[in-house]
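Q: Pasted the sequence and its predicted model underneath.
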Amino acid sequence: METQKFNALMEEKTRELERIIGGFLPPEEGMQKTVLQAMNYSVLAGGKRLRPMLMLETYRMCGGDGDEIEPFLAAIEMIHTYSLVHDDLPAMDNDMYRRGRETTWKRYGEAMGILAGDGLLNYAYETALSAFERVDQSDAAAMGRVARALMILAGQAGVYGMVGGQCADVEAESCGTPLTQGELLFIHRNKTAALIKASMCVGAVLAGADAAQIRALEQCAEDVGIAFQIQDDILDVEGSSEELGKSVGSDALNNKQTYVTLNGIEQAKKDVTMMSERAAALLAQVSDDHDFLKTLILTLIHRRR
């Protein structure tokens, strides 16, 4: 897709997602007002809205045209945001700024930061469950698709998905023992790729995609997530602070093992190219109408910032 057309569509689709996500945020009232403010502060901090974008575009690519997808778009962004809120806590990365402003715990205090993350995770499921109200209650197939989408969302976000990857990453940083390629890929597959897989598979399931299409999208999402993380490692070596908007070289400074340290910069670049080409080919197996989604994926994987 031509760059100017893609950028215009990205702006339009991002505005649509901001409207949808904002419509599901809780009102800041009652005795729990402070935690609600902290939750909304976290979600409204900005970002690419990558996961809901992938979910919505996969849903549309697979033929979906209803509004039962909307609660899931908000829910995946809430889950992603809660993970960032908890990542920033003193017990984890101890970050005071994210996207140019104070992190949630820094603004509201450490205890409220924990509660805001807890609140977002639980509210995400409350929000996703409301999708049942948006389909015909007498349509068993439609109700089943929503139930299956909920199972995917919960599974990929939990201990056998993102949380499991975070656990392995935390332990890897503290154990001092060199990681194997398999251990590093486990972290990337779960910490980074799991929510991308949830996004694309939820979109496909809600749209009524068949088993072969869903399998192809699972592999596509895994390739996208791992390649995205490898590109992060590459940019930490080759990127500039001006392009990235953050300091570079932190992995080497902290003696952190990455895909680049294990395989070298040239092999890492080759593997990013291989995974991105495979992801694009898998999309083509699912639908002929995938130009925007393919361009989005390739832009994310080969980003310079």
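A: It's in. Residues are numbered from 1 along each chain as shown.
Q: chain center to the helix or strand residue 168 falls within: distance?
A: In the assignment (DSSP states H and E), residue 168 maps to helix 162-175. When distances are taken as CA atoms, centre = their mean, to the nearest Å, helix 162-175 is centred 18 Å away from the chain's centroid.
Q: the longest helix in the chain is where?
A: The longest helix of the chain (DSSP state H) is helix 211-238.
Q: for it, which positions count as buried?
A: 213-218, 220-236 (16 or more other CB atoms under 10 Å). Backbone N, C-alpha and C define where each C-beta goes, glycine included.
Q: If you compare the directions of that helix and helix 162-175, what angle comes out?
A: Interaxial angle, helix 211-238 versus helix 162-175 (axes from the mean of the first three to the mean of the last three CA atoms, to 10 degrees): 30 degrees.
Q: need the contact list for residue 120.
A: Going by CB atoms under 8 Å, 6 or more residues apart in numbering, residue 120 touches 39, 42, 43, 78, 79, 81, 82, 85.
Q: nope, residue 30 is what I meant
A: residue 36.
Q: how about residue 98, phi and psi?
A: phi -140, psi 130 (degrees, to the nearest 10).
Q: Give the residue spans of the chain that score low on pLDDT.
A: Scanning the chain for pLDDT under 70 picks out the ranges 239-255, 305.
Q: What residue in it is the furthest from its centre?
A: residue 138 (32.7 Å; CA atoms, centre = their mean).
Q: how about residue 47, what does it touch?
A: residue 99.
Q: Would you mind measuring from it to residue 100?
A: 11 Å (CB to CB, to the nearest Å).
Q: right, and residue 128 touches residue 79 too?
A: No: at 9.2 Å, residue 128 does not count as touching residue 79 under the criterion of CB atoms under 8 Å.
Q: about what we covered before: how far away from the center of its chain is the longest helix of the chain?
A: 11 Å.
Q: any idea which element residue 70 lies in?
A: helix 69-87.
Q: So which elements touch that helix?
A: helix 3-24, helix 33-43, helix 50-61, helix 110-129, helix 140-157, helix 162-175, helix 193-207 (3 or more CB pairs under 8 Å, 6 or more residues apart in numbering; DSSP states H and E).
Q: Can you say which of those is packed in most?
A: helix 193-207 (a mean of 27; mean count of other CB atoms under 10 Å).
Q: ok, back up a step: are we agreed that the residue farthest from the centre of the chain is in a helix?
A: No: under DSSP: H, G, I helix; E, B strand; the rest coil, residue 138 falls outside any helix and is assigned coil.
Q: phi, psi of it?
A: phi -90, psi 0.
Q: Check the gap between it and residue 213 for me.
A: 26 Å.
Q: And residue 202, by the same measure?
A: On the measure of CB to CB, residue 202 and residue 213 end up 13 Å apart.
Q: and if you look at residue 16?
A: For residue 16 relative to residue 213 (CB to CB), the value is 24 Å.
Q: Count the residues that sit near the nearest residue to residue 181 once chain neighbours are set aside.
A: Among residues not flanking residue 181 along the chain, residue 262 sits closest, at 6.0 Å (CB to CB, 6 or more residues apart in numbering). By the criterion of other CB atoms under 10 Å, residue 262 has 17 neighbours.
Q: which strands and helices sit next to the one helix or strand residue 262 maps to?
A: Residue 262 belongs to helix 259-263 when assigned by DSSP H and E. In terms of contacts (3+ CB pairs under 8 Å, 6+ apart), helix 259-263 is packed against helix 181-187, helix 211-238, helix 265-286.
Q: Residue 258: which of these is closest?
A: Proximity to residue 258 (CB to CB) singles out helix 211-238 among the helices and strands packed on helix 259-263, at 4.0 Å.
Q: Please find the angle between the direction vectors of the closest one and helix 193-207.
A: Going by the same axes, to 10 degrees, helix 211-238 makes 150 degrees with helix 193-207.
Q: Who are the packing partners of helix 211-238?
A: Against helix 211-238 (3+ CB pairs under 8 Å, 6+ apart) you get helix 193-207, helix 250-253, helix 259-263, helix 265-286, helix 291-301.
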